[in-house]
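> just coords:
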């Protein structure tokens, strides 16, 4: 009996998808398949298998070092994995022992940019059949299950801002191979600040065309390609999908965009605020609504002349109440907090507004509009989507359980006396540690794990001498 059968890891639909996957490999003459899983940071990691090995791998998984779960954004291992419990209190991770990637056959794609290559998303398990507790896709699946128990499904649409530059030099000298390595040298594709300007869009079109054709071949729900405000800045929007599907689409989109454009001499970055002169911050706006399970109707649509239904208002209030802790999951990099500033089309305070782009939460729609939704503008494009979505669900459910009220909308969000969002990642991590709802929803073990890795990144940052410090002190003192 295979690993997947022994531990009941295949639904009937997945078994059918696995057969279809193998048939497609043969019909298309594929030579390799990438088995990938998203790590804590939402970065895809995995192994590429020869086509002849795929059938066995689908049933018994693909082994990998469990220490991949112990790494920060520089790929440094920040837990002592060669001690008792692997530094995480789990004997399964001692000595960087193997975990297994178990493929979700329903996610299979053929990669348009890589010759004769397929791709499939996986979920990590230990050899005992126990799910790895730090696997973020599973954490979202658990949040969605709780939401289903309450009678709802989660629907998410994505607006993703990012930068695309011309690659001038990719430093490949041995001295550039650090942890992290030397970043590439780039030049702009456009200059100036012209939001939605067709002329600027046309300058970006060569890169966009490459991206559009390849992403369409992946079957992603592409909606629009837009010229954003800053130089060399784009926005791509994806149509709404059910929660897990939308998170999977984000991970695939982000990884594919970087790979595709790099092959054509471009550098795509989802870093929130690159340290380049005159560039703008990038955000990730998450549009969300709830669908009632009995009839599939949007539960946020109000019956009368109101902004949201009672369900929608309570969900909104939950998002406001837990925004400080959510920030750590929606903006998980030190860099991302440089985006929260007044009068910048980015949120600064914990407020909501009706169709107000300065508010943290922007409510759109109204009576009779099936597209009624809440847009959360807190996120940065580098966020792990599984954690971002899970944080919304746990916060929103708390609002429903407690029947919270969000108060009136804010018309002048930057002049409000409402509480500020966390100013730094450190502040956000402290808020996350103190948030009982998010701690219970994600699990105390995961919250401690997440904060430990992020605090290791902060510690490394604090040891670096920045350009700001050099300018501020070197001549003065």
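Alright, I've got the coordinates. Computed from a predicted structure; not experimentally measured.

> thought residue 219 was touching residue 109?
Yes - using C-beta atoms under 8 Å, residue 219 is in contact with residue 109, at 6.8 Å. Backbone N, C-alpha and C define where each C-beta goes, glycine included.

> out of the two, which sits in the more crowded spot?
Using other C-beta atoms under 10 Å as the criterion, residue 219 and residue 109 rank with residue 109 on top: 18 against 11.

> how close does that one get to residue 52?
Note on residue 109: its distance to residue 52, by C-beta to C-beta, to the nearest Å, is 20 Å.

> can you check residue 61 too?
For residue 61, the distance to residue 52 equals 17 Å [C-beta to C-beta].

> out of those two, which sits in the more crowded spot?
Applying other C-beta under 10 Å to residue 61 and residue 52 shows that residue 61 carries more neighbours, namely 24 against 9.

> Please identify the helix or strand for the closest residue to that one other than its chain neighbours.
Counting by C-beta to C-beta, 6 or more residues apart in numbering, the nearest residue to residue 61 once its immediate chain neighbours are dropped is residue 100, at 3.4 Å. Using DSSP states H and E, residue 100 falls within strand 98-103.

> what's that strand packed up against?
On a contact count with 3 or more C-beta pairs under 8 Å, 6 or more residues apart in numbering; DSSP states H and E, strand 98-103 meets helix 3-6, strand 32-38, helix 54-60, strand 62-65, strand 117-125.

> try 10 Å
Counting contacts by 3 or more C-beta pairs under 10 Å, 6 or more residues apart in numbering; DSSP states H and E, strand 98-103 packs against helix 3-6, helix 12-28, strand 32-38, strand 44-50, helix 54-60, strand 62-65, strand 117-125.

> Make TSV from those and add mean pLDDT and mean neighbour count to it.
What follows is the helices and strands packed on strand 98-103, written out as TSV (pLDDT from 0 to 100; neighbours: other C-beta atoms under 10 Å):
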stretch	mean pLDDT	mean neighbour count
helix 3-6	91	15
helix 12-28	96	14
strand 32-38	98	24
strand 44-50	98	17
helix 54-60	96	19
strand 62-65	95	18
strand 117-125	98	22
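
> got these as a markdown table, with distance to residue 288 columns?
Below are the helices and strands packed on strand 98-103 laid out as a markdown table (distance: least, C-beta to C-beta, whole Å):
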| stretch | distance to residue 288 |
| --- | --- |
| helix 3-6 | 32 |
| helix 12-28 | 25 |
| strand 32-38 | 20 |
| strand 44-50 | 24 |
| helix 54-60 | 33 |
| strand 62-65 | 32 |
| strand 117-125 | 22 |
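
> Relative to residue 375, which of the ones you listed is closest?
Closest to residue 375 of the helices and strands packed on strand 98-103 is strand 32-38 (C-beta to C-beta; 23.8 Å).

> now that closest one against strand 98-103, angle please.
Counting by axes from the mean of the first three to the mean of the last three C-alpha atoms, to 10 degrees, strand 32-38 lies at 110 degrees to strand 98-103.

> mind listing what strand 32-38 pairs with, with the direction of each?
Taking DSSP bridges as the criterion, strand 32-38 forms sheet pairs with strand 44-50 (antiparallel), strand 117-125 (parallel).

> ok and it relative to helix 12-28, angle-wise?
Calculated by the same axes, to 10 degrees, strand 32-38 forms an angle of 140 degrees with helix 12-28.

> Wait, residue 236 touches residue 227, no?
No - counting by C-beta atoms under 10 Å, residue 236 sits too far from residue 227 to count as a contact (11.3 Å).

> Show the average pLDDT along stretch 293-300.
For stretch 293-300, the mean per-residue pLDDT is 96.
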